[in-house]
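Visitor: Provided below are the primary sequence and the corresponding predicted coordinates.
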Amino acid sequence: MSCLESWPEPVVRVQHLLDSGIKEIPERYVKKPCDRPSLITESATSEMNIPVIDLQDLFSDDDLLRQTTVSLVDSACREWGFFQVVNHGVHHQLMAAIREAWREFFHLPLEEKQKYANSPSTYEGYGSRLGVEKGVPLDWSDYFFLHYLPISLRDEKKWPKLPVSCRELVGKYSKEVVELGGKLMKIFSTNLGLKENYLQEAFGGNENIGACLRVNYYPKCPQPGLTLGISPHSDPGGITLLFPDENVSGLQVHHKNNWVTVKPLPNAFIVNLGDQLQVVSNANYRSVEHRVVVNAEKERVSLAYFYNPRGDIPIKPAEELITEDNPPLYPCMTFNEYRLYIRTRGPRGKAQVESLKSPH
């Protein structure tokens, strides 16, 4: 881990760059022509959107209604790896309050935010880059990363003290979103033909899962066609529950060789599968490459909750899914070992999980 003790060069806050009055983005943020957002592709897929699933029937006394919802989740996982959920059980007022609290944090003076400046050893705190390779292209975003579970990693003193409501809101929001993640994990387990609690236990159990929040701040960009808010990647963990900025679209999902711009619904979560779920399911469920585009007129704030395995637990394909015709595709490793890749190199599409596949 010694290579992750410090950043390889001075960290520049993207928001500070914008506030300096620049009209052109620095070269470090300019993507190769083949990696830049394509207006043609966006237009061609403008009528598409990821599936939207109403979860209220999960709590119905009607077995048919419940099973229909479970089947819709399974179809979305296999076809897209992404879907939106409504009537999910997280209080809408809480969602609105925490997003505005974080928006207020990112508009605090730079010296206040710098008190929480992070390092690549844990990524916890206020950050502006992923990966420690020197001289690599950078993304047009700042963020704040914090741990909620396991409790041994939770340190509320590292959470923002300002605005004054932030720490309390993070605690309440985290509790409700983690409960939603647990419900989805049970559905995924059942749909994969596993025991209802299989995935939860494989990830460490209720108190030992790795639950962490990354709040993404995408400042306005003077040249949005040249850069990205986050480069293409698949999430390294289990599942992600994203509360997007419903006023400004930015997330794009790679689907059937097109980049589909997700249209966020009010008070909905965008759920996507991560690499660890692909490993445990032996690729019956797959993580999906996605990226974020930026905007010249509006800033964006989104909250990504990562529901991950505990870092030191070995993760491998479920034995129940292994047969002579379907051998294990991935080696056993811990999540700490796995995510070292992205923490070193930054976002690299699906290169990491695909590189692990065995010859068969």
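Guide: Perfect, thanks for sending it. Numbering: from 1, shown residues only.

Visitor: Give the residue spans of this protein that score low on pLDDT.
Guide: 1-5, 39-47, 342-352, 357-360 (pLDDT under 70).

Visitor: quick one: furthest residue from the center of it?
Guide: Glu324 (34.0 Å; C-alpha atoms, centre = their mean).

Visitor: Reduced to three states, what does that one come out as?
Guide: Put simply, Glu324 is coil when judged by DSSP: H, G, I helix; E, B strand; the rest coil.

Visitor: hang on, Arg291 is in a strand, isn't it?
Guide: Yes: counting by three-state DSSP, Arg291 is part of a strand.

Visitor: gap between the residue farthest from the centre of the chain and Asn282?
Guide: 13 Å (C-beta to C-beta, to the nearest Å). Every C-beta, even on glycine, is put in place using the N, C-alpha and C of the backbone.

Visitor: re the thing from before, the residue farthest from the centre of the chain: what's it in contact with?
Guide: By C-beta atoms under 8 Å, 6 or more residues apart in numbering, the contact list for Glu324 is empty.

Visitor: Could I get the phi/psi values of it?
Guide: phi -60, psi -40 (degrees, to the nearest 10).

Visitor: Against Tyr126, how distant is it?
Guide: Distance from Glu324 to Tyr126, by C-beta to C-beta: 51 Å.

Visitor: buried residues in stretch 50-62?
Guide: By 16 or more other C-beta atoms under 10 Å, the buried positions in stretch 50-62 come out as 50-51, 53, 55, 57-58.

Visitor: cool, stretch 70-90 as well?
Guide: 70, 72-74, 76-77, 80-85, 88, 90.

Visitor: Quote the end-to-end distance of that stretch.
Guide: 19 Å (C-alpha to C-alpha, to the nearest Å).

Visitor: which residues sit against it?
Guide: Counting by C-beta under 8 Å, 6+ apart, 50-56, 58, 173, 176-177, 179-180, 183-184, 187-188, 190-191, 253, 255, 262, 264-265, 267-273, 284-288, 290 sit against stretch 70-90.

Visitor: Which members of these are classed as buried?
Guide: 50-51, 53, 55, 58, 173, 177, 180, 184, 187-188, 190-191, 253, 255, 262, 264, 267-273, 284-288, 290.

Visitor: Which members of those residues are positioned in strands?
Guide: 53, 253, 255, 269-273, 290 (DSSP state E).

Visitor: Which residue ranges of this structure form helices?
Guide: With helices called from DSSP state H, the chain shows them at 14-19, 39-44, 63-79, 92-106, 110-113, 166-191, 198-202, 275-280, 335-345, 351-355.

Visitor: so which of these is the most packed in?
Guide: Sort the helices of the chain by mean neighbour count, taking mean count of other C-beta atoms under 10 Å, and helix 275-280 sits at the top with a mean of 27.

Visitor: I'd say Pro236 and Gly274 touch.
Guide: Yes: if you go by C-beta atoms under 8 Å, Pro236 and Gly274 touch, sitting 6.2 Å apart.

Visitor: Can you give me every residue that contacts Ile53?
Guide: Neighbours of Ile53 in contact, by C-beta under 8 Å, 6+ apart: 69, 72-73, 76, 83-86.

Visitor: likewise Phe335?
Guide: Applying C-beta under 8 Å, 6+ apart, the residues near Phe335 are 210, 236-237, 276, 308-313, 315.

Visitor: rerun at 6 Å
Guide: Contact analysis of Phe335 by C-beta atoms under 6 Å, 6 or more residues apart in numbering lists 308-309, 311.

Visitor: coming back round to it: identify, from the contacts of Ile53, the entry nearest to Ala202.
Guide: Within these, the smallest distance to Ala202 is 18.6 Å, found for Val73 (C-beta to C-beta).

Visitor: Relative to the whole chain's centre, how far out is stretch 92-99?
Guide: 19 Å (C-alpha atoms, centre = their mean, to the nearest Å).

Visitor: Can you give me every residue that contacts Asp312?
Guide: By C-beta under 6 Å, 6+ apart, the neighbours of Asp312 are 334, 336.

Visitor: what about 10 Å?
Guide: Asp312 sits next to 150, 204, 208, 210, 334-337 when contact means C-beta atoms under 10 Å, 6 or more residues apart in numbering.

Visitor: just curious, which of these is nearest to Tyr143?
Guide: Nearest to Tyr143 among the contacts of Asp312, with distances taken as C-beta to C-beta, is Gly210, at 17.4 Å.

Visitor: So that closest one versus Phe306, what's the distance?
Guide: 7 Å.

Visitor: List the residues that contact Pro137.
Guide: So Pro137 contacts 27-32, 35, 227-228, 231, 346 (C-beta under 10 Å, 6+ apart).

Visitor: need these in CSV with neighbour count and distance to Asn118, can you?
Guide: Output for these, formatted as CSV (neighbours: other C-beta atoms under 10 Å; distance: C-beta to C-beta, whole Å):
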residue, neighbour count, distance to Asn118
Glu27, 9, 24
Arg28, 14, 19
Tyr29, 21, 20
Val30, 16, 25
Lys31, 17, 24
Lys32, 7, 27
Asp35, 15, 26
Thr227, 26, 22
Leu228, 26, 21
Ser231, 20, 19
Gly346, 19, 14
